[in-house]
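In: With the sequence up front, the predicted model follows.
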Amino acid sequence: MSNPRNWRGRGRTTTPNSRQKRNKLYLDAHPVCHRCNSRPSAEAHHELPKGHPNRYDWQHMKALCVPCHIAVHQPLKMVLTPRKKAM
């Protein structure tokens with residue numbers, strides 16, 4: 001698993017904790033990215049925010065490849081076009 005961004009939480013350790021074991025089990029069961037359906041999944045994405053009581057339920061997780069996981073966490077970039085003034 002990669003950790004290129006600071007917002008991804010604590011860094012990886014040599015001995016996996018229960019969170020890492022749970023995410024690995026989920027990724028083993030879902031080998032293909034749920035978003036692009038073309039690349040192998042590398043990271044588990046939690047759809048619910050931290051602190052939510054159902055955050056770690058399997059139905060609220062998605063297996064994503066690294067580029068898709070980064071894209072999910074980046075804010076939407078909206079293209080604003082200037083409005084034409086009515087005369």
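Out: Right, received. Where do you want to start? Numbers count the residues shown, from 1 in each chain.
In: same for the biggest helix by length in the chain, what does it pack against?
Out: With DSSP state H setting the assignment, residue counts place helix 18-29 as the longest helix in the chain. Contacts defined by 3 or more Cβ pairs under 8 Å, 6 or more residues apart in numbering; DSSP states H and E place helix 18-29 against strand 43-46, strand 61-64. C-betas here are computed from N, CA, C, even on glycine.
In: most packed of the ones you listed?
Out: Across those, the average number of neighbours (mean count of other Cβ atoms under 10 Å) peaks for strand 61-64, which reaches a mean of 21.
In: just the CA coordinates of it, formatted as PDB?
Out: What follows is strand 61-64 as a C-alpha-only set of coordinates in PDB (Å, rounded to 0.1, in the frame of the first residue of the first chain):
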ATOM      1  CA  MET A  61     -16.100   0.500   1.900                       C
ATOM      2  CA  LYS A  62     -14.700   0.500  -1.700                       C
ATOM      3  CA  ALA A  63     -11.600  -1.000  -3.100                       C
ATOM      4  CA  LEU A  64      -9.800   1.600  -5.200                       C
END
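In: Residues touching that strand, excluding its own?
Out: Residues outside strand 61-64 that contact it (Cβ atoms under 8 Å, 6 or more residues apart in numbering): 26-27, 30-35, 41-47, 72.
In: Buried ones among the residues you listed?
Out: Buried members of the contacts of strand 61-64, counted by 16 or more other Cβ atoms under 10 Å: 26-27, 30, 33, 35, 41-45.
In: which two in those residues are spaced the farthest apart?
Out: Using Cβ to Cβ, the buried ones among the contacts of strand 61-64 span at most 15.0 Å, a distance reached by Tyr26 and Arg35.
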